[in-house]
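Undergrad: with the sequence up front, the predicted model follows.
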Amino acid sequence: GGGYAANFEAVEQLVGDNVDGFVAEQMHSCARCERWADVSLSQIFAKRGVVQMPLLGLNGWQLSKTCFDAGLASNEFEPLLYHYISSWNQMDFLHRLFAAPATNQEQVGLGAAAAAAASK
């Protein structure tokens, strides 16, 4: 799934003193939803009354090019995550798009790494 964010205290409160019990609850819930762990966990959150809020910038699905471009052009929020990135070229594209400008030395190294990856 797209993911979630929680602070340490929230996780401690959610799990409590019984880690094994929490894992068993998660696995039982997971079995009911075809092993989609994020769906299972959100069901546990709902059952326990945990407040869930959208995380703007989280793209938990594969975007069309039109939606991807629109998200980049938007000033509403920064992109945090693109899910379903499955190739080296996609990851390299995102890295180049969002990484800080590289020095000449780093660009040479990246070129060598790209050439090595492409030859595999």
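TA: Looks like it came in fine. Numbers count the residues shown, from 1 in each chain.
Undergrad: mean confidence for stretch 78-96?
TA: Taken as a whole, stretch 78-96 has a mean pLDDT of 90.
Undergrad: show the contacting residues for Asn59.
TA: Neighbour list for Asn59: Gly2, Gly71, Pro79, Leu81, Tyr82, His83 [criterion: CB atoms under 8 Å, 6 or more residues apart in numbering]. Every C-beta, even on glycine, is put in place using the N, C-alpha and C of the backbone.
Undergrad: please flag which of those sit within helices.
TA: Among these, DSSP state H puts Gly71 in helices.
Undergrad: now for the contacts of Asn59, which pair is the farthest apart?
TA: Gly2 and Gly71 (13.7 Å; CB to CB).
Undergrad: Ile44 and Leu56: what is the separation?
TA: Taking CB to CB, to the nearest Å as the measure, Ile44 and Leu56 are separated by 23 Å.
Undergrad: the two: which is more packed in?
TA: Ile44 (16 against 11; other CB atoms under 10 Å).
Undergrad: check contacts around the more buried one.
TA: Neighbours of Ile44 in contact, by CB under 8 Å, 6+ apart: Leu14, Glu25, Gln26, Ser29.
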